[in-house]
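Peer 1: This is the structure alone, sequence omitted:
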């Protein structure tokens, strides 16, 4: 039996957070191939390339607070190019500001979550991402 794997893009400047998300996907039993970039400029370059090649990821997990270009800039970039219509963007941030949430959703993010404090909570959150993967028309199978 073949397992369908979806490609996920993680945009986060913290390598530890990226690794924890990888582990959480494994713990949740969700077969994904994860690509990561460490800032918004890298994310926008990559998304431009994969959009042109029609190889968008199935989902983007986006941090807000990053160097060079932040998550809002990446969301704006994706919104202007209608990429948020094709790829679910989930914001995971330490920010709990109501205005940040409102702005993310206005720019097309499907949801915004606070980064969990434990790997068990992160695993549960990642399991909730299954719905976004099942709705995605891009980024899978690999």
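Peer 2: Nice, thanks for sending it over. Nothing here was measured: the structure is a model prediction, and the numbers come from that model. Numbers count the residues shown, from 1 in each chain.
Peer 1: where do the strands sit along this protein?
Peer 2: Remark: strands assigned in the chain by DSSP state E are 6-11, 32-37, 59-62, 89-93, 111-114.
Peer 1: would JSON lines of these with mean neighbour count, mean pLDDT and distance to residue 52 be doable?
Peer 2: (C-beta placed from N, C-alpha, C; glycine too.) Converted to JSON lines, the strands of the chain look like this (neighbours: other C-beta atoms under 10 Å; pLDDT from 0 to 100; distance: least, C-beta to C-beta, whole Å):
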{"stretch": "strand 6-11", "mean neighbour count": "24", "mean pLDDT": "94", "distance to residue 52": "15"}
{"stretch": "strand 32-37", "mean neighbour count": "18", "mean pLDDT": "95", "distance to residue 52": "16"}
{"stretch": "strand 59-62", "mean neighbour count": "26", "mean pLDDT": "96", "distance to residue 52": "16"}
{"stretch": "strand 89-93", "mean neighbour count": "23", "mean pLDDT": "94", "distance to residue 52": "19"}
{"stretch": "strand 111-114", "mean neighbour count": "17", "mean pLDDT": "94", "distance to residue 52": "27"}
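Peer 1: Relative to residue 101, which of the ones you listed is closest?
Peer 2: In terms of C-beta to C-beta, the element of those nearest to residue 101 is strand 111-114, at 4.8 Å.
Peer 1: Partner strands of that closest one, with direction?
Peer 2: strand 89-93 (parallel) (DSSP bridges).
Peer 1: And the contacts of the partner strand?
Peer 2: For strand 89-93, contacts defined as C-beta atoms under 8 Å, 6 or more residues apart in numbering pick out 12, 17, 21, 59-65, 71, 75, 78, 100, 104, 108-115, 125, 129, 132.
Peer 1: again, but for stretch 112-122
Peer 2: By C-beta under 8 Å, 6+ apart, the residues outside stretch 112-122 that reach it are 17, 20-21, 23-24, 27, 90-96, 100-101, 104-105, 124-125.
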